[in-house]
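>>> Okay, sequence plus prediction incoming.
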Amino acid sequence: AVNIQIGDRLLMKKPPPCGGKIWKVTRIGLDFRLVCETCGREILIPRVKAEKGVKRILPDESVTNS
């Protein structure tokens, strides 16, 4: 299982029409709500499909490690 948290940024295999590849996770559950960081498009995607489509999980930029 992939450990995805709210606030994580996901690099997905397939980009949206705007061409951006990074999505921010705003909700997790049976479905994930992802927001495109380039155009602001919001999608609701089944967990299984989201986990298969992830290339890499980028850490949340708003969390500072000190």
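Thanks, I have the structure now.
>>> just for this protein, where's the confidence low?
Scanning the chain for pLDDT under 70 picks out the ranges 1, 60-66.
>>> Please enumerate the strands of it.
With DSSP state E as the criterion, the chain has strands at 9-12, 22-27, 31-36, 42-46, 54-58.
>>> Flag every buried residue along the shortest one.
By neighbour count, and taking 16 or more other CB atoms under 10 Å as the criterion, the buried residues in strand 9-12 are R9, L10, M12. For glycine as for every other residue, the C-beta is placed from the backbone atoms N, C-alpha and C.
>>> Then stretch 45-57?
Applying 16+ other CB under 10 Å to stretch 45-57 flags A50, V54 as buried.
>>> returning to what we had before: can you redo the buried residues of strand 9-12 as CSV, where the extra columns are distance to I57?
Compiled in CSV, these are given as follows (distance: CB to CB, whole Å):
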residue, distance to I57
R9, 8
L10, 6
M12, 11
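>>> now I43, nearest residue through space, not along the chain?
L34 (5.3 Å; CB to CB, 6 or more residues apart in numbering).
>>> and the one you found, how many neighbours?
24 (other CB atoms under 10 Å).
>>> follow-up on the earlier one: ok, which of the strands of the chain comes nearest N3?
When these are ranked by distance to N3, counting by CB to CB, first place goes to strand 54-58 at 7.9 Å.
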